[in-house]
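# Need the 3D shape of this:
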Amino acid sequence: MMHEKHSSVCYIFREGAFSPVKEGKLFRNDFGLDLFQYKGAIYEGRTGLHMCPLQEAEHLDLFIKSHGGIEQVRQVIESSLARTGLSPRYARPDEKKKDIFPPKEKDENRVVAKDLMGNKHYYYRFYNENGIELYTMEKKREFFQTIYVPCDGFMVGIDQRHRLEEVLKWLPTLEHGIRGEIERVFNESMGDPKRWADLDYANLLGRYYEAKRHNIPLEAERRQREERWAAERRVEEQRREQEQQARYDTAIREAEKDILTGKEVVNREVNGKSLIMQLFREHGISVPLKTQGWIINALHDIRYSPESGQWHYHYYKNNRDSTKMFELLPKLSAAIQTKQQFEEQGAASPEVPAAADEDEQDMEL
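As a prediction, the model looks like this:
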């Protein structure tokens with residue numbers, strides 16, 4: 001079958017007729033069958049009939065075996081030909097794809113061109129009242145699109161489309177055109193050791209490596225400047241971290257002192273964290289997860305009475321009371337008192353055990 005002459009156009013048989021398909025692609029096989037793939041399926045070339053899904057064709061030998069072998073498949077094809085007739089793929093063997101699918105009319109305003117570094121893109125010409133040849137990279141009229149002008153086989157971006165009126169006034173004033181202006185600006189840069197030479201312009205002018213050499217000291221200076229800025233940022237970050245830690249340490253010490261002297265401790269934020277919740281964490285007191293949320297969002301203040309050893313606290317309205325606070329607060333006062341005793345004796349404070357991970361804590365309020 002494969003020796004019979006046929007055209008490059010593939011036809012499928014549907015709704016009682018042959019229809020050409022542009023995306024038909026030859027499917028090679030070892031059984032001498034003319035097969036092509038189209039939209040995820042395999043079709044037989046002489047009949048145009050659907051044969052199998054593309055996935056099954058990956059193991060065509062198994063598919064054919066499951067349908068009685070190659071001779072049986074050929075008999076099925078011959079039987080189908082009696083019903084469908086021969087595909088135009090064979091009836092018109094000299095037919096070309098361009099005869100059936102003529103190429104689209106070329107868009108004269110769409111061109112392929114290189115940017116200043118030699119990369120190719122599509123550009124679209126747009127018309128203006130001055131008749132100057134201008135392009136954008138997108139066909140649609142976007143306000144901030146870059147305007148390009150052709151120059152020595154390159155496209156040069158000169159401004160944005162919302163400034164078109166100024167561009168149309170500026171371009172005719174260039175005595176030597178856009179290339180002359182690029183060369184003027186580039187030469188000025190090359191003549192000043194403190195000025196960066198534009199590598200895009202250098203590439204257009206054939207002076208890329210000359211510009212790279214010119215920029216070497218400036219690149220070194222830029223790296224040094226960036227390293228200096230990075231070092232300054234690190235110093236500033238360390239200073240901020242130290243200030244935050246100092247604020248935190250001071251707030252914890254003052255809160256501990258106020259508790260032992262019977263003063264009210266307001267649950268304010270310290271470095272974005274709840275002061276009272278941090279007191280529990282500083283002293284290794286495990287707090288159930290839901291109670292943590294209650295302390296952070298509902299608790300206003302706490303007060304300890306050194307004379308009676310009793311605790312009092314206030315919380316915001318529209319919140320339920322906590323059943324755990326009167327279990328937790330005595331642990332806090334005991335931990336603070338123990339810490340004070342060690343400090344008065346000049347000994348190191350006892351090692352505080354780490355609080356349990358939140359996901360392992362009791363969910364009870």
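# dump the residue contacts of I77.
33, 44, 46-47 (CB atoms under 8 Å, 6 or more residues apart in numbering). Where C-beta positions appear, they are placed from N, C-alpha and C, glycine not excepted.
# Report the secondary structure element holding it.
Assessed by DSSP states H and E, I77 sits inside helix 70-84.
# Can I get that helix as CSV, trimmed to CA atoms?
Only the C-alpha atoms of helix 70-84 are listed here, as CSV (Å, rounded to 0.1, in the frame of the first residue of the first chain):
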residue,chain,number,x,y,z
ILE,A,70,-2.3,-7.2,9.7
GLU,A,71,-4.1,-9.2,7.0
GLN,A,72,-7.4,-8.8,8.8
VAL,A,73,-6.8,-5.0,9.2
ARG,A,74,-6.1,-4.8,5.4
GLN,A,75,-9.3,-6.7,4.7
VAL,A,76,-11.2,-4.2,6.8
ILE,A,77,-9.6,-1.3,4.9
GLU,A,78,-10.6,-2.9,1.5
SER,A,79,-14.1,-3.4,2.8
SER,A,80,-14.3,0.2,3.9
LEU,A,81,-13.1,1.4,0.5
ALA,A,82,-16.1,-0.2,-1.1
ARG,A,83,-18.3,2.1,1.1
THR,A,84,-16.3,5.3,1.2
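# what comes up buried for it?
In terms of neighbour count (16 or more other CB atoms under 10 Å), helix 70-84 has its buried residues at 73, 76-77, 80-81.
# Can you name the element that comes right after that helix?
Downstream of helix 70-84 (by DSSP H and E), the next one is helix 88-91.
# which helices and strands does that following helix pack with?
strand 10-14 (3 or more CB pairs under 8 Å, 6 or more residues apart in numbering; DSSP states H and E).
# Tell me the gap between the helix holding I77 and the middle of its chain.
Chain-centre distance of helix 70-84: 53 Å, with CA atoms, centre = their mean, to the nearest Å.
# Ok, stretch 28-37 next?
The answer for stretch 28-37 is 43 Å, by CA atoms, centre = their mean.
# buried residues in it?
33-37.
# For F101, state which of those residues is nearest.
Minimum distance to F101 across the buried residues of stretch 28-37 is 15.2 Å, recorded for F36 (CB to CB).
# Quick check: phi and psi at the closest one.
phi -140, psi 150 (degrees, to the nearest 10).
# I'd guessed it sits against Y11; true?
No. Taking contacts as CB atoms under 8 Å, F36 lies outside contact range of Y11: 9.4 Å.
# So T136 sits against V149, correct?
No. Contact criterion CB under 8 Å: T136 and V149 do not qualify, at 11.1 Å.
# how about the strands in the stretch 201-350 of the chain?
265-266, 269-270, 273-274, 299-305, 310-315 (DSSP state E, counting those that start in this stretch).
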